[in-house]
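Student: here is a sequence with its predicted model. Questions after.
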Amino acid sequence: MSNLTDKQLKDTFDLFDADGSGAIDSEELGLVLEGLGFGKLPEEDLDEIIKSVDADATGAIEFDEFRRLCKSRAFTSNSKEEVFMAFNQFDKGEKGFISVDDFCQIAEALSEDVVPEVYKEIIREAAGPDAEGLSFENWSDIHEEVVNSKRRI
């Protein structure tokens, strides 16, 4: 996420800020994390997460704090389990791979433009010309590439 533009980060932030208050509170954070497959976290854990990035101690995450979090190196150092959980969120239907249709559904859910040709190209480059989609190994390799490129910066 550290290579996203400020506009892309703002759009993402606005998705998380469900009530339009200009900040992500613990309830909104809980819904986001639950939707990403982390399960229902206790209120205390959500408060801890917010405290860890809440520089002005408002009890919520404002856009500048969200942007700093997303651009930080720590944000990209996921464990294999977290990378696998993310993969499973994208693998609709638990097929064992992320297809063009999966990418399209995610883009629609995020109100992004649906461009199947772009997703086909991503899959071709990462998994080969005849692949139906990205396997977990492809997904993990892409993640590792991103993390390593950030370490070189």
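Tutor: Noted; the coordinates are in hand.
Student: looks to me like residue 98 is in a strand.
Tutor: Yes. Assessed by DSSP: H, G, I helix; E, B strand; the rest coil, residue 98 belongs to a strand.
Student: neighbours around residue 19, how many?
Tutor: Neighbours of residue 19 under the rule other Cβ atoms under 10 Å: 10. (Each C-beta comes from the backbone N, C-alpha and C, glycine too.)
Student: that one - nearest residue in space that isn't next to it in sequence?
Tutor: residue 28 (7.1 Å; Cβ to Cβ, 6 or more residues apart in numbering).
Student: number of nearby residues for that neighbour?
Tutor: By other Cβ under 10 Å, neighbour count at residue 28 equals 19.
Student: pretty sure it belongs to a helix, no?
Tutor: Yes. Under three-state DSSP, residue 28 falls within a helix.
Student: quick one, what contacts it?
Tutor: Taking Cβ atoms under 8 Å, 6 or more residues apart in numbering as the contact definition, residue 28 lies against 16-19.
Student: could you check the pLDDT of it?
Tutor: Looking at residue 28, its pLDDT stands at 85.
Student: what of residue 128?
Tutor: Per-residue confidence at residue 128 stands at 92 (pLDDT).
Student: repeat that for residue 48.
Tutor: 83.
Student: state the distance from the residue nearest to residue 19 to residue 7.
Tutor: 21 Å (Cβ to Cβ, to the nearest Å).
Student: please name the nearest non-neighbouring residue to residue 14.
Tutor: The shortest distance from residue 14 to any non-neighbouring residue, by Cβ to Cβ, 6+ apart, is to residue 20 (7.8 Å).
Student: does residue 15 sit in a helix or strand, and which one?
Tutor: Per DSSP states H and E: residue 15 is located in helix 6-16.
Student: what's that helix packed up against?
Tutor: helix 26-33, helix 63-71 (3 or more Cβ pairs under 8 Å, 6 or more residues apart in numbering; DSSP states H and E).
Student: make it 7 Å
Tutor: Packing contacts for helix 6-16, counted by 3 or more Cβ pairs under 7 Å, 6 or more residues apart in numbering; DSSP states H and E, involve helix 63-71.
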